[in-house]
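In: please work out how this folds:
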Amino acid sequence: MNGNTRPATFNEKLFRTVDYRLLTSTYTITPTVLGAGNFGKVFLGHHNINSEFRVAVKTMQKKKIGENLKKLKQEIKILSKLDHPNICKYYETYESPKHVYLVMEYCGGGDLFDKITS
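Out: Got it, this is the predicted structure:
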């Protein structure tokens with residue numbers, strides 16, 4: 001990496017990311033873990049103005065995302081265009097120096113994979 005090359009960041013023109021410090025002023029993130037994966041965890045949250053509006057906040061460490069950043073961007077691009085009652089809605093992305101936070105519709109009822117395999 002030479003002095004002119006900057007590390008890959010999530011904040012590109014294609015994606016609207018918001019400073020992570022605004023995340024907690026908009027949402028309360030509970031310690032309830034809804035799920036976990038290779039890149040991070042998904043926590044239950046709710047909007048600070050309307051606590052009935054629950055969300056799932058997917059937190060991912062950038063160092064674990066690594067070269068999968070392109071795939072993550074593609075996933076967000078697809079999710080942002082989808083509007084179907086059987087697919088969780090993507091709301092917005094927040095970014096900190098070490099993490100990416102995806103705010104999505106909370107869909108209770110458990111993990112789909114667990115339902116299919118049981």
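
In: quick check, Gln61 in contact with Gly40.
Out: Yes - applying CB atoms under 8 Å, one finds Gln61 in contact with Gly40, separated by 5.8 Å. Glycine gets a C-beta too; all of them are placed from N, C-alpha and C.

In: okay, those two: which has more neighbours?
Out: Each of Gln61 and Gly40 has its neighbours counted (other CB atoms under 10 Å); Gly40 has more, 20 against 13.

In: now do the buried residues in stretch 32-39.
Out: Leu34, Phe39 (16 or more other CB atoms under 10 Å).

In: thinking again about what came up before, common neighbours of Gln61 and Gly40, please.
Out: His99 (CB atoms under 8 Å, 6 or more residues apart in numbering).

In: which residues of this protein score low on pLDDT?
Out: 1-18, 110-113 (pLDDT under 70).

In: just checking: what are the partner strands of the strand ranked longest in it?
Out: The strand spanning the most residues in the chain, taking DSSP state E as the definition, is strand 27-36. Strand pairing for strand 27-36, determined by DSSP bridges: strand 40-47 (antiparallel).

In: what about stretch 69-89, distance to the chain center?
Out: Relative to the centre of its chain, stretch 69-89 is centred 10 Å away, using CA atoms, centre = their mean, to the nearest Å.

In: whoops, I mixed them up, stretch 37-53
Out: For stretch 37-53 - counting by CA atoms, centre = their mean - the centre lies 9 Å from the chain centre.

In: buried residues, that stretch. List them.
Out: Buried residues in stretch 37-53 (16+ other CB under 10 Å): Phe39, Gly40, Val42, Phe43, Leu44, Gly45, His46.

In: separation between the residue nearest in space to the middle of the chain and Ser118?
Out: In the chain, the centroid-proximal residue (CA atoms, centre = their mean) is Leu102; its distance is 1.6 Å. As judged by CB to CB, to the nearest Å, Leu102 and Ser118 stand 27 Å apart.
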